[in-house]
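Novice: Here is my input; please provide its structure:
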Amino acid sequence: VSGCAQVLSPSPPPPGGGAVGPRLTPRGVTWRVCGEQASAQARPAAGPWLLRAAASRFWDCWSPLLLAGPAFRPQRELGLLPRSWWEEWSPKPAPSSPWGPFLRAATRLTATCLPSPPRSWVFLVKKCYQDTDTSLQSSIITKVKGVTFTNTSELGERLWDVVDYVVPPQGENVFFVVTNLVVTPNQRQDTCAESERIPDALCHEDSDCPPGKPVVAGNGVRSGRCLRAGSAQKGTCEIFAWCPVETKSRPVKPLLGEAEDFTVYIKNFIRFPKFNFSKTNVLDTRDKTFLRSCKFGPKNPYCPIFRLGSVVSWTGSNFREMAVQGGVIGIQIEWDCDLDRPPSECNPRYYFNRLDNRFSENSISSGYNFRFAKYYRDAAGVEFRTLFKAYGIRFDVMVNGKAGKFSIIPTIINVGSGVALMGVGSFFCDLVLIYFIKKSNFYRDKKYEEVRDLEGLAQMAESSRQRVAPDTAGLAEQPEVQDGGSGQKENGCVCRQLLQPTR
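Specialist: Alright, predicted model coming up:
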């Protein structure tokens with residue numbers, strides 16, 4: 001109920017104003033100030049009042065109680081929550097000030113304009129005022145460069161370039177670099193003994209080697225004979241295969257350990273079809289020597305040339321250890337483009353991680369390897385081949401991204417959602433205080449005011465005035481009825497609401 005109903009005492013106030021007397025209300029005794037003193041106290045300066053209003057709103061918006069903070073304000077006033085400096089800085093109404101309408105409007109404007117943490121997170125961090133496109137179209141081109149020299153008993157002195165150690169030469173978002181080899185040279189199709197490391201090839205007599213039956217996980221087809229060395233009781237089946245079969249084990253040291261100094265050039269083309277926006281990860285520069293001299297790193301975060309050893313080290317692994325039995329490295333290219341800004345600010349970020357299980361390096365399935373061969377014929381036309389079991393590092397290049405651009409539709413939707421969310425805290429706090437706490441009746445009486453006619457209020461105030469005597473002798477009694485504490489002025493008197501009711 002707005003306004004203030006008064007019941008005036010028959011005794012007039014003393015001349016000169018400034019008389020102070022008790023105000024009798026249905027709920028207890030309050031005080032009012034009349035005359036010049038009322039004018040001095042009831043009309044605060046507009047500047048400090050607005051400052052207090054802004055400070056209170058700032059506290060409401062940025063306090064840890066994001067939504068419950070403003071909702072708990074009535075409870076603080078009723079004494080249900082501990083008092084704090086928050087109450088002292090809460091703006092009180094200035095009923096007699098000519099700046100009242102302006103100050104109330106300024107307070108509402110401050111409440112709307114000051115960003116709260118949820119609104120800041122939604123609009124500034126998540127950019128929910130933008131329409132987004134995640135249907136990224138991408139193409140990858142890779143070029144590896146580097147040479148190394150080896151000298152082994154199987155291959156002799158040999159120079160390795162990119163054609164020798166990159167398999168396949170052009171992969172689909174994938175390239176493989178050979179780092180270790182097991183070489184079996186000069187194989188030809190003939191009959192020979194199967195490897196002793198193949199369990200299904202072990203035999204004691206010829207009947208254990210049925211002809212024409214392949215050896216499980218072996219290298220060829222049984223011929224029907226069991227070959228034993230000297231007087232040994234156990235041997236292996238004779239097979240028809242590329243002979244001699246592979247028998248050597250993996251080298252302890254990587255054959256191509258110098259591959260850590262090789263470099264790879266990754267060229268990425270992307271397109272966001274919704275916004276018809278295309279971009280490449282190569283910087284738009286007129287310096288023709290840029291790609292010849294730069295390498296990706298903290299000083300050149302947009303250089304598309306990567307040193308292989310550095311890529312492996314950024315995943316937390318050691319290149320030399322990984323090169324012995326191989327592994328899988330993932331290169332992640334992330335595009336996050338704000339199309340409200342210039343296109344030159346849309347640049348990728350690179351992330352590196354190891355995709356194979358680094359904790360199973362000593363297991364039977366660790367590493368990465370495969371076999372390939374190189375074929376040739378001798379002068380007589382007999383076909384030979386050199387078998388390579390290659391260990392190496394496979395690099396998978398993956399591209400993800402999204403683009404955002406301002407759109408009025410998501411802006412309206414998110415603004416409406418934010419405004420609706422701000423009222424949820426007050427609703428639930430009132431629900432708890434009215435129905436679930438011990439003082440729910442007290443809070444309900446304070447929240448909902450029972451409206452009575454002025455005559456009944458005047459009679460109640462008069463009866464209360466007769467029972468209560470003021471402590472201020474010689475001062476005129478000016479009883480007045482509280483009806484909501486809106487603080488309006490009538491006949492030169494200002495009504496003040498007593499927050500602590502007397503029983």
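Novice: where do the strands sit along the stretch 251-400 of the chain?
Specialist: Assigned by DSSP state E, counting those that start in this stretch, the stretch 251-400 of the chain shows strands spanning 263-272, 277-280, 305-307, 327-338, 349-354, 369-377, 383-406.
Novice: now those as a markdown table including distance to S463 and mean pLDDT?
Specialist: (Each C-beta comes from the backbone N, C-alpha and C, glycine too.) Shown next, in a markdown table, are the strands of the stretch 251-400 of the chain (distance: least, Cβ to Cβ, whole Å; pLDDT from 0 to 100):
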| stretch | distance to S463 | mean pLDDT |
| --- | --- | --- |
| strand 263-272 | 78 | 95 |
| strand 277-280 | 79 | 95 |
| strand 305-307 | 91 | 96 |
| strand 327-338 | 71 | 95 |
| strand 349-354 | 78 | 96 |
| strand 369-377 | 101 | 93 |
| strand 383-406 | 66 | 94 |
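Novice: which stretches of the stretch 351-500 of the chain have low pLDDT?
Specialist: Within the stretch 351-500 of the chain, the segments meeting pLDDT under 70 span 358-364, 422, 424-425, 449-457, 467-500.
Novice: Apply 50 and report the result again.
Specialist: By pLDDT under 50, the low-scoring segments of the stretch 351-500 of the chain are 472-500.
Novice: what's the neighbour count on S440?
Specialist: 13 (other Cβ atoms under 10 Å).
Novice: how far away is it from K446?
Specialist: Distance, S440 to K446, by Cβ to Cβ, to the nearest Å: 11 Å.
Novice: Take the strands of the stretch 251-400 of the chain and write them to JSON lines, including mean neighbour count.
Specialist: Listed next are the strands of the stretch 251-400 of the chain as JSON lines, based on neighbours: other Cβ atoms under 10 Å:
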{"stretch": "strand 263-272", "mean neighbour count": "19"}
{"stretch": "strand 277-280", "mean neighbour count": "15"}
{"stretch": "strand 305-307", "mean neighbour count": "20"}
{"stretch": "strand 327-338", "mean neighbour count": "19"}
{"stretch": "strand 349-354", "mean neighbour count": "15"}
{"stretch": "strand 369-377", "mean neighbour count": "12"}
{"stretch": "strand 383-406", "mean neighbour count": "19"}
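Novice: Domain ranges for the chain, per the record?
Specialist: The record's domain parsing of the chain by automatic domain parsing lists 5-124+411-494, 137-188+250-406, 195-243.
Novice: and stretch 286-301, how far apart are its ends?
Specialist: This stretch, stretch 286-301, spans 18 Å end to end (Cα to Cα, to the nearest Å).
Novice: what does that stretch rub up against?
Specialist: With contacts defined as Cβ atoms under 8 Å, 6 or more residues apart in numbering, stretch 286-301 is touched by T263, Y265, V282, L283, C303, P304, I305, F306, R307, S310, R349, Y350.
Novice: where exactly do the strands run in the stretch 51-200 of the chain?
Specialist: Using DSSP E, counting those that start in this stretch, strands in the stretch 51-200 of the chain cover 130-133, 137-145, 148-152, 156-160, 174-193.
Novice: Partner strands of the first one, with direction?
Specialist: This means strand 130-133. Counting by DSSP bridges, the strands paired with strand 130-133 are strand 383-406 (antiparallel).
Novice: Next secondary structure after the strand it pairs with?
Specialist: Scanning forward in sequence from strand 383-406 by DSSP states H and E, the next helix or strand is helix 408-422.
Novice: Strand 383-406 and that next one, what's the angle between them?
Specialist: In terms of direction (axes from the mean of the first three to the mean of the last three Cα atoms, to 10 degrees), helix 408-422 departs from strand 383-406 by 70 degrees.
Novice: Next SSE downstream of helix 408-422?
Specialist: Using DSSP H and E, the helix or strand that follows helix 408-422 in sequence is helix 424-435.
Novice: following that next one, which helix or strand comes up?
Specialist: Helix 424-435 is succeeded, C-terminally, by helix 440-447 (DSSP H and E).
Novice: now that next one and helix 424-435, what's the angle there?
Specialist: With the same axes, to 10 degrees as the basis, helix 440-447 and helix 424-435 are set at 120 degrees to each other.
Novice: picking up where we left off before, switch the strands of the stretch 51-200 of the chain over to a markdown table; also include distance to D356, mean neighbour count and mean pLDDT.
Specialist: Output for these, formatted as a markdown table (distance: least, Cβ to Cβ, whole Å; neighbours: other Cβ atoms under 10 Å; pLDDT from 0 to 100):
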| stretch | distance to D356 | mean neighbour count | mean pLDDT |
| --- | --- | --- | --- |
| strand 130-133 | 33 | 18 | 90 |
| strand 137-145 | 20 | 16 | 93 |
| strand 148-152 | 24 | 12 | 90 |
| strand 156-160 | 24 | 11 | 90 |
| strand 174-193 | 13 | 19 | 94 |
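Novice: Now render these as TSV, adding distance to N369.
Specialist: As requested, the strands of the stretch 51-200 of the chain are exported to TSV (distance: least, Cβ to Cβ, whole Å):
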stretch	distance to N369
strand 130-133	41
strand 137-145	19
strand 148-152	18
strand 156-160	17
strand 174-193	8
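Novice: Which one of those strands lies nearest to F436?
Specialist: Of all the strands of the stretch 51-200 of the chain, it is strand 130-133 that lies closest to F436, at 41.5 Å by Cβ to Cβ.
Novice: circling back to that earlier point, let me have the strands of the stretch 251-400 of the chain in JSON lines, adding distance to Q189 as columns.
Specialist: Shown next, in JSON lines, are these (distance: least, Cβ to Cβ, whole Å):
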{"stretch": "strand 263-272", "distance to Q189": "38"}
{"stretch": "strand 277-280", "distance to Q189": "49"}
{"stretch": "strand 305-307", "distance to Q189": "43"}
{"stretch": "strand 327-338", "distance to Q189": "34"}
{"stretch": "strand 349-354", "distance to Q189": "40"}
{"stretch": "strand 369-377", "distance to Q189": "11"}
{"stretch": "strand 383-406", "distance to Q189": "7"}
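Novice: Select, out of those strands, the one closest to V163.
Specialist: So among those, strand 369-377 is nearest, using Cβ to Cβ, at 11.7 Å.
Novice: Can you list the strands that that closest one pairs with?
Specialist: If you go by DSSP bridges, strand 369-377 pairs up with strand 383-406 (antiparallel).
Novice: Secondary structure element holding Q466?
Specialist: Per DSSP H and E: helix 454-467 holds Q466.
Novice: if I pick P410, what's in contact with it?
Specialist: Applying Cβ under 8 Å, 6+ apart to P410 gives the contacts C128, Y129, Q130, D131.
Novice: Let me know whether the third one touches C337 as I believe.
Specialist: No: in terms of Cβ atoms under 8 Å, Q130 does not count as a neighbour of C337; the distance is 10.6 Å.
Novice: any common contacting residues for the two?
Specialist: G404.
Novice: rewinding a little: determine which of the strands of the stretch 251-400 of the chain approaches K248 most closely.
Specialist: Distance to K248, taken as Cβ to Cβ, is lowest for strand 383-406 among these, at 8.6 Å.
Novice: mind exporting that closest one as PDB, just the C-alpha atoms?
Specialist: C-alpha atoms of strand 383-406 as PDB (Å, rounded to 0.1, in the frame of the first residue of the first chain):
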ATOM      1  CA  GLU A 383      62.000 -61.800 -60.100                       C
ATOM      2  CA  PHE A 384      63.500 -60.800 -56.800                       C
ATOM      3  CA  ARG A 385      62.400 -58.400 -54.100                       C
ATOM      4  CA  THR A 386      63.700 -56.700 -51.000                       C
ATOM      5  CA  LEU A 387      61.300 -56.800 -48.100                       C
ATOM      6  CA  PHE A 388      61.100 -53.900 -45.700                       C
ATOM      7  CA  LYS A 389      59.400 -54.100 -42.300                       C
ATOM      8  CA  ALA A 390      59.000 -50.400 -41.600                       C
ATOM      9  CA  TYR A 391      58.600 -48.900 -38.100                       C
ATOM     10  CA  GLY A 392      57.700 -45.200 -38.000                       C
ATOM     11  CA  ILE A 393      55.500 -42.400 -36.800                       C
ATOM     12  CA  ARG A 394      52.200 -41.800 -38.400                       C
ATOM     13  CA  PHE A 395      50.900 -38.200 -38.300                       C
ATOM     14  CA  ASP A 396      47.100 -37.600 -38.500                       C
ATOM     15  CA  VAL A 397      46.100 -34.100 -39.400                       C
ATOM     16  CA  MET A 398      42.600 -33.200 -38.100                       C
ATOM     17  CA  VAL A 399      40.700 -30.000 -38.700                       C
ATOM     18  CA  ASN A 400      37.800 -28.500 -36.700                       C
ATOM     19  CA  GLY A 401      36.400 -25.100 -36.500                       C
ATOM     20  CA  LYS A 402      33.400 -22.700 -36.300                       C
ATOM     21  CA  ALA A 403      32.600 -19.200 -37.400                       C
ATOM     22  CA  GLY A 404      30.300 -16.600 -35.900                       C
ATOM     23  CA  LYS A 405      28.700 -13.500 -37.200                       C
ATOM     24  CA  PHE A 406      26.200 -11.100 -35.700                       C
END
